[in-house]
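>>> I'd like to go over a predicted model; first the sequence, then the structure.
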Amino acid sequence: MEKKFTRKLLAQLILGAIAANSTSLVHAYDLGVVSAGSGTGGQSASNTASAPYQAPTQGSLVATEPQSVISQQYIQTNTTGASNYTDIAQIAPSVWSVSPNGAGGSDWPGLSMRAFQDGQYNVTFDGIPFADGADFTHHVSSYFMSQDTGNVVVDRGPGNAATIGDATFGGTIAIHSKDPGQDAAFTPYVSAGSFNTRMAGVQFDTGVMQNYGYSSGFVDYKNYSTDGFLNNDHSQRGNLFMKFIKPISDNTAIKLVAMQNTTQQNFSLGATAAEIAQYGSRFGLSQDPNNSYFIGYNQDKFTSDFEYIDLNTRQGSWLLDNKLYTFAYRHDGLSAGTDPLATIAAQNLAGSPQIGLTQYRSYGDVFRATDRIGLSDLKFGLWIDRQNHLSWTNNITQPGSIYVSTNQAENSNDTTIQPYVEYAWRPTTNLTVTPGVKFNSFTRNYNASMDPTAGGPLNYSKTWTATLPSLDAHYYLADNWSVYGQVAKGFTPPPLQSFNYSNSVQFINSQTTTNYQAGSVWKSDKLTLSGDVYYIDNSNAIQSYTNNQGLTVFSNAGVARYKGFEGEATYYIGSGFSVYGNYTRNEASIFAQNAPNSTAAAGLIYAKEKRIYASLIAKEIGQRYSGFGAVDANGNPIAPIHMGSYTVVNFNTTYSIRHLFDWSQETKIQLMVNNLLNKTGIIQSAGGFDTNGNPLFYAMVERNFMVNFSTSF
């Protein structure tokens, strides 16, 4: 009885801390529980014979802005253990992401959400924002793998005042780590598949340890390698993840999380349309040492870590949560060029073990407090982050004095301070109105001994500030049906190099947005259904292009407007079968790279007693443009390339066996087939250009498979 009570207490403490964090984190755990008295079900997402359990994505009954929850069940059965969060999130409405080298095989951050690109949306891990402070982008293969992911919540909007981050106006992808198992277990697992892809790992769960204060935790190590879909684009990765939870008292718990990762890769920066047409969609790196795309000249090593300690407690009517964290990233790079067919003198590179370094470390703290006042909640908190950044690049030239890399040597540091307060007013149990305000201060100190824009030394210090109000309303029409509306301001400071320089530094304006959104969510055992409409006004949209000297030039494009509608649904047919679909229509007043005008998905899913699972899911990506900013050798603009829609179909099946061996608990065998119909062709811009100004692209990864096997004892 004592053990059962303590387990229940532990769960309540952790969920209570999540509730204190923000409403967006609460949503991650609202997977469809409805009142048994509603007459519409009463089953939770743990029931395999229900729409909430089988749904690939679903809305939340407590959502105050458009949101899709991707459960751990979907992640475990539809992604490989090496998949990144971009591979997981791509199923969500308005989201498009394709790894050009196969799932987990590259650091490609090309996820688009409502026409917003990486650097324009927020990514958090267990409520902690993490990004490269230079441009707020994310290094997707350097941190968390799906093997350790509990769920992913795709928030399509700036959130309320409690939503923290440097680039929240485009939305937030919230990654949550999985929790330790209740029982002790030792679980080895292996995977093998196309492109000589292999992964092997082992996870140890302590279970709930009564003799150690009812602590629990797990440690997971995995090693991944692949030759890659693209020729000679190899990748190797080692990742260690651990999580421990310990109750300190009846009302307090402490959580420790740590991650260490090392990735080595040879990765091409794309190919021109003519090169792909001539040499095929797998055209990547070269074996010729006189070629700038020689595999030996294009090597990258990434090392990273992420740690935090979380203390959460309930004291009377107060819920308090504090996370003290640090994370780091280091990229040792040798990347010789942007043209696979360009020649370069081998002696220019053979003696240079490294031509670039980027590294940073952040230290920060996230504090949140909630006070229950009758039916209402007063919430306030503070996020502080300090990131120290260092980068340098040596100059490498090709014949004709075309820059392959541009000299740079800089030290910088960024300081973010975001206090917030909001009041969730509940005049009735069905209605919640939440006004709030957040203050955003971002300071960058830049010190360069060599700046490519200035052509020499450059120093500056600049602070950008914004006051960001939000107002949302949420109403339960029934226990399983809610509606919401939101108006919120968004803000993002300019990237590190986004200034103009003549005799002095002239900064471009930060991006500020006003978001209007409304939607509804229905949830029962038979049906999960959600839909929304949105309108976004960006008063200072930032665009960039690469000039004929290889420099990226930023400018304010003026006012940009985005609007659209989104919907997703899962219907449980019966006998273990359900059907799934989502559809979005997205419009933008300015052209954006790799931003489809629509997305859609349809699927058939089967699940039986958590033993058998199968899914056949197709996703269609609408028309889009790629190659913006391209210029020829004379500096003349090259028109963007229009790309038509395409559809990719994936098949996944998992079979679980209890006590297959006398010594085993559960054994799982999984088969995954991606791009079942073997669609090929160019599908996305790589974001760069060759020495003649032609845009570089990636093609669709051909049909590939993966077999996974795991057993626990």
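It's in. Numbers count the residues shown, from 1 in each chain.
>>> ranges for the strands of the stretch 601-713 of the chain?
Using DSSP state E, counting those that start in this stretch, the strands of the stretch 601-713 of the chain run over 612-621, 624-626, 641-643, 646-658, 666-674, 682-689, 695-699, 704-712.
>>> same for the fifth one, what does it pack against?
Right, strand 666-674. strand 646-658, strand 704-712 (3 or more CB pairs under 8 Å, 6 or more residues apart in numbering; DSSP states H and E). Yep, even glycine has a C-beta here, placed from its N, CA and C like the rest.
>>> Could you save the ones you listed as JSON lines and add columns showing mean pLDDT and mean neighbour count?
Output for those, formatted as JSON lines (pLDDT from 0 to 100; neighbours: other CB atoms under 10 Å):
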{"stretch": "strand 646-658", "mean pLDDT": "96", "mean neighbour count": "17"}
{"stretch": "strand 704-712", "mean pLDDT": "96", "mean neighbour count": "18"}
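>>> Quick one: residues contacting residue 383.
By CB atoms under 8 Å, 6 or more residues apart in numbering, the residues touching residue 383 are 129, 164, 364, 365, 366, 367, 416, 417, 418, 419.
>>> what's the closest of these to residue 622?
residue 129 (29.9 Å; CB to CB).
>>> show me the contacts for the closest residue to that closest one other than its chain neighbours.
What sits nearest to residue 129 in space, not counting adjacent residues and going by CB to CB, 6 or more residues apart in numbering, is residue 165, at 4.0 Å. Residue 165 makes contacts with 122, 123, 124, 129, 131, 172, as judged by CB under 8 Å, 6+ apart.
>>> repeat for residue 365
Going by CB under 8 Å, 6+ apart, residue 365 touches 322, 323, 324, 325, 382, 383, 384.
>>> let's see it at 10 Å
With contacts defined as CB atoms under 10 Å, 6 or more residues apart in numbering, the neighbours of residue 365 are 128, 308, 322, 323, 324, 325, 382, 383, 384, 385, 386.
>>> and if you look at residue 219?
Contacts for residue 219 (CB under 10 Å, 6+ apart) come out as 180, 202, 203, 204, 205, 206, 240, 241, 242, 243, 244, 258.
>>> try 8 Å
In this structure, residue 219 makes contact with 203, 204, 240, 241, 242, judged by CB under 8 Å, 6+ apart.
>>> same thing with residue 216?
10, 180, 181, 182, 205, 206, 207, 208, 209, 244, 245.
>>> for residue 173, same thing?
Contacts of residue 173 (CB under 8 Å, 6+ apart): 85, 89, 111, 113, 121, 122, 123, 124, 152, 153, 154, 155.
>>> now those residues in TSV, with neighbour count?
Compiled in TSV, these are given as follows (neighbours: other CB atoms under 10 Å):
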residue	neighbour count
85	26
89	22
111	25
113	27
121	28
122	26
123	27
124	25
152	25
153	26
154	25
155	28
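>>> and these, which of them are in helices?
Counting by DSSP state H, the contacts of residue 173 place 85, 89 in helices.
>>> picking that back up, redo the contacts of residue 219 as TSV? Include pLDDT and secondary structure.
What follows is these, written out as TSV (pLDDT from 0 to 100; DSSP: H, G, I helix; E, B strand; the rest coil):
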residue	pLDDT	secondary structure
203	98	strand
204	98	strand
240	98	strand
241	98	strand
242	98	strand
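>>> Which of these has the largest number of neighbours?
residue 241 (25 neighbours; other CB atoms under 10 Å).
>>> Go ahead and confirm that residue touches residue 259.
Yes: the pair residue 241 / residue 259 is scored as a contact, 4.9 Å apart, by CB atoms under 8 Å.
>>> Overlap in contacts, these two.
Residues touching both residue 241 and residue 259 (CB under 8 Å, 6+ apart): 144, 148.
>>> So residue 517 sits against residue 532, correct?
Yes: in this structure, residue 517 is within contact of residue 532 by CB under 8 Å, at 6.1 Å.
>>> Between those two, which is the more surrounded one?
residue 532 (27 against 22).
>>> Residue 217 is in contact with residue 181, correct?
No: judged on CB under 8 Å, residue 181 makes no contact with residue 217 at a distance of 9.5 Å.
>>> Of those two, which one has the most company?
Neighbours per residue, other CB under 10 Å: of residue 181 and residue 217, the larger number sits with residue 217, 22 against 18.
>>> So what sits opposite that one in the bridge?
Assessed by DSSP bridges, residue 217 has beta-bridge partners residue 244.
>>> about what we covered before: overlap in contacts, residue 517 and residue 532.
Joint contacts of residue 517 and residue 532 (CB under 8 Å, 6+ apart) are 65, 66.
>>> Could I get the contacts of residue 173 in TSV, plus columns for pLDDT?
Shown next, in TSV, are those (pLDDT from 0 to 100):
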residue	pLDDT
85	93
89	96
111	91
113	95
121	94
122	95
123	97
124	98
152	97
153	98
154	97
155	96
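>>> What is whichever helix or strand residue 460 is part of packed up against?
Assigned by DSSP states H and E, residue 460 belongs to strand 456-478. The contact analysis (3+ CB pairs under 8 Å, 6+ apart) places strand 456-478 against strand 431-451, strand 481-492, strand 505-507.
>>> Quick check: next helix or strand after the strand or helix carrying residue 561?
Here residue 561 sits within strand 560-574, counting by DSSP H and E. Proceeding N to C from strand 560-574, the next assigned helix or strand is strand 577-588, under DSSP H and E.
>>> Averaged pLDDT, that next one. What do you get?
For strand 577-588, the mean pLDDT works out to 96.
>>> quick one: strands adjacent to that strand?
By DSSP bridges, strand 577-588 pairs with strand 560-574 (antiparallel), strand 598-608 (antiparallel).
>>> Adding mean pLDDT and mean neighbour count as columns, could you present these in a markdown table?
Formatted as a markdown table, the strands paired with strand 577-588 follow (pLDDT from 0 to 100; neighbours: other CB under 10 Å):
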| stretch | mean pLDDT | mean neighbour count |
| --- | --- | --- |
| strand 560-574 | 96 | 20 |
| strand 598-608 | 97 | 19 |
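>>> between those strands, which gets nearest to residue 359?
strand 560-574 (33.2 Å).
>>> could the strands paired with strand 577-588 go into a markdown table alongside distance to residue 186?
A markdown table is the format used below for these (distance: least, CB to CB, whole Å):
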| stretch | distance to residue 186 |
| --- | --- |
| strand 560-574 | 35 |
| strand 598-608 | 27 |
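>>> Mind checking the ones you listed for the one nearest to residue 590?
Nearest to residue 590, of those and by CB to CB, is strand 560-574 at 4.6 Å.
>>> Just the CA trace of the closest one, in PDB.
Output in PDB follows, covering the C-alpha atoms of strand 560-574 (Å, rounded to 0.1, in the frame of the first residue of the first chain):
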ATOM      1  CA  ALA A 560       4.300  40.400 -44.200                       C
ATOM      2  CA  ARG A 561       0.900  38.700 -43.500                       C
ATOM      3  CA  TYR A 562       0.200  35.000 -43.000                       C
ATOM      4  CA  LYS A 563      -3.200  33.400 -42.900                       C
ATOM      5  CA  GLY A 564      -4.800  30.000 -43.100                       C
ATOM      6  CA  PHE A 565      -6.800  27.200 -41.600                       C
ATOM      7  CA  GLU A 566      -5.900  23.800 -40.200                       C
ATOM      8  CA  GLY A 567      -7.700  20.700 -39.200                       C
ATOM      9  CA  GLU A 568      -6.900  17.200 -37.900                       C
ATOM     10  CA  ALA A 569      -9.100  14.200 -37.000                       C
ATOM     11  CA  THR A 570      -8.900  10.500 -36.000                       C
ATOM     12  CA  TYR A 571     -12.000   8.300 -36.200                       C
ATOM     13  CA  TYR A 572     -12.100   4.900 -34.500                       C
ATOM     14  CA  ILE A 573     -13.900   2.500 -36.900                       C
ATOM     15  CA  GLY A 574     -13.900  -0.600 -34.600                       C
END
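>>> From residue 293, how far out is residue 68?
Distance of residue 68 to residue 293, given as CB to CB, to the nearest Å: 38 Å.
>>> Please apply the same query to residue 243.
Taking CB to CB as the measure, residue 243 falls 41 Å from residue 293.
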